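Enquirer: sequence plus the predicted model coming up.
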Amino acid sequence: MKKIAGIALFFMCHLLCAQTNGNSTVSLRPFLPAPDSLLSQNSINVLDAKLSTLLTNANLTISNAAAFIIVPKVNINDQQTVDGMQKLTTVKLDLVLYVKNRIYQNTFATYTQALAGSGKSSADAIQNALSHFNPKHISPIQFVNETIRKIENHYSEQCTQLIALTKKKIQIQDFESALTVLYAIPEGNTCQQKVNILLAETYQNYQQKNCQTNLLKAQNAFLVKDYQTAVSYLNLIDSQIGMCEQKYNQLIAKLEKETSEVQRKTWELRMKQQNGETLSTKYQLDILKSIVTNYYKNQNTHYIFITP
């Protein structure tokens, strides 16, 4: 129980520190489409840079463990080709931004901006149009800030129901899903203390159940020389709680003999562990983020982004 209380105390401290810094604990990340015949990789890079700048200007943290994503959709309203000495394509389009909850796929808010561009091809014209989106303009920043307030209010109103939902997930030992739901709840809600305690308990239950499983996956990845995957599974393990500390350390020692990048990552893992109680809570927050990120990664969510 002392261990659970310590973890819960750190989770609460982490949230309060974010509040003290004047930043929301709601985080967002751009969720971008794959390139196709209309949306080139260059256009996707433009969208990524623009949306990342927008979130930064709104004082938000961009995290792979974010419970909310900002999804761009491009609607082509008009396209014309002008023949001459040099062929020119012009497009008029709507860039639509959806803020979605990654767990339930519901849309919290939508923002639309009309853009126009031109280029030697349809793809070039779309890229040119998207480059005209200004992430420093007051309108999209205001949209993001208003959406964050809406999200915070939603979780404050639904906190009790979310705790009840999480307890049902815990009863069937769906700890990864339960952790993801709890991690998504922003600070300042009406049941923060209950969230922190339940988060700590669920985290410990996850480690006790999955330590051996994640270690086995890491070992199998190591055997086929997929060292990056091996490290990613080790990032899910808290050897201070689980029952696989010895084998965990043995695998880290093997990984340290491989590439310099793997050496660096495994050294970081070992240092986190060896610092023990001094840095244990920061160590556990990093593991929690890895668990949540892994959960989202395995959901295989698909969106349609381009509407010709």
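Expert: It's in.
Enquirer: helix or strand right after whichever strand or helix holds residue 181?
Expert: Using DSSP states H and E, the element containing residue 181 is helix 175-184. Going down the chain from helix 175-184, the next helix or strand is helix 192-223, by DSSP H and E.
Enquirer: show me what counts as buried in that next one.
Expert: For helix 192-223, burial by neighbour count (16 or more other C-beta atoms under 10 Å) applies to 192, 194-207, 210-211, 214-215, 217-219, 221-222. Heads up, the C-betas are built off the backbone N, CA and C, glycines and all.
Enquirer: tell me which other helices or strands it touches.
Expert: With contacts defined as 3 or more C-beta pairs under 8 Å, 6 or more residues apart in numbering; DSSP states H and E, the packing partners of helix 192-223 are helix 2-20, helix 138-171, helix 175-184, helix 227-234, helix 245-255, helix 280-297.
Enquirer: still on that earlier bit, what lies in contact with the helix holding residue 181?
Expert: By C-beta atoms under 8 Å, 6 or more residues apart in numbering, the residues outside helix 175-184 that reach it are 65, 67-68, 101, 103, 155, 162, 165-166, 169-170, 195, 198-199, 202-203, 205-206, 209-210, 288-289, 291-292, 294-296.
Enquirer: how about that helix: buried residues?
Expert: For helix 175-184, the neighbour count (16+ other C-beta under 10 Å) marks 175-184 as buried.
Enquirer: before we move on, what about stretch 111-118?
Expert: By neighbour count on 16+ other C-beta under 10 Å, the buried set for stretch 111-118 is 111, 113, 115, 117.
Enquirer: equivalent analysis for stretch 78-88, please.
Expert: For stretch 78-88, a neighbour-count test (16+ other C-beta under 10 Å) marks residue 88 as buried.
Enquirer: for stretch 149-166, same thing?
Expert: Those would be 151-152, 155, 159, 162-163, 166, for stretch 149-166 by 16+ other C-beta under 10 Å.
Enquirer: what's the closest non-adjacent residue to residue 82?
Expert: Leaving aside its sequence neighbours, residue 82 sits nearest to residue 88 (C-beta to C-beta, 6 or more residues apart in numbering; 4.6 Å).
Enquirer: got the contact list for the one you found?
Expert: 81-82, 118-120.
Enquirer: then residue 288?
Expert: Neighbour list for residue 288: 179, 183, 199, 203 [criterion: C-beta under 8 Å, 6+ apart].
Enquirer: make CSV out of the helices and strands packed on helix 192-223 and add mean pLDDT.
Expert: Supplementary listing: the helices and strands packed on helix 192-223 in CSV, determined by pLDDT from 0 to 100:
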stretch, mean pLDDT
helix 2-20, 46
helix 138-171, 92
helix 175-184, 93
helix 227-234, 91
helix 245-255, 87
helix 280-297, 85
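Enquirer: out of the ones you listed, which gets nearest to residue 31?
Expert: Closest to residue 31 of the helices and strands packed on helix 192-223 is helix 280-297 (C-beta to C-beta; 9.9 Å).
Enquirer: brilliant, that's me finished.
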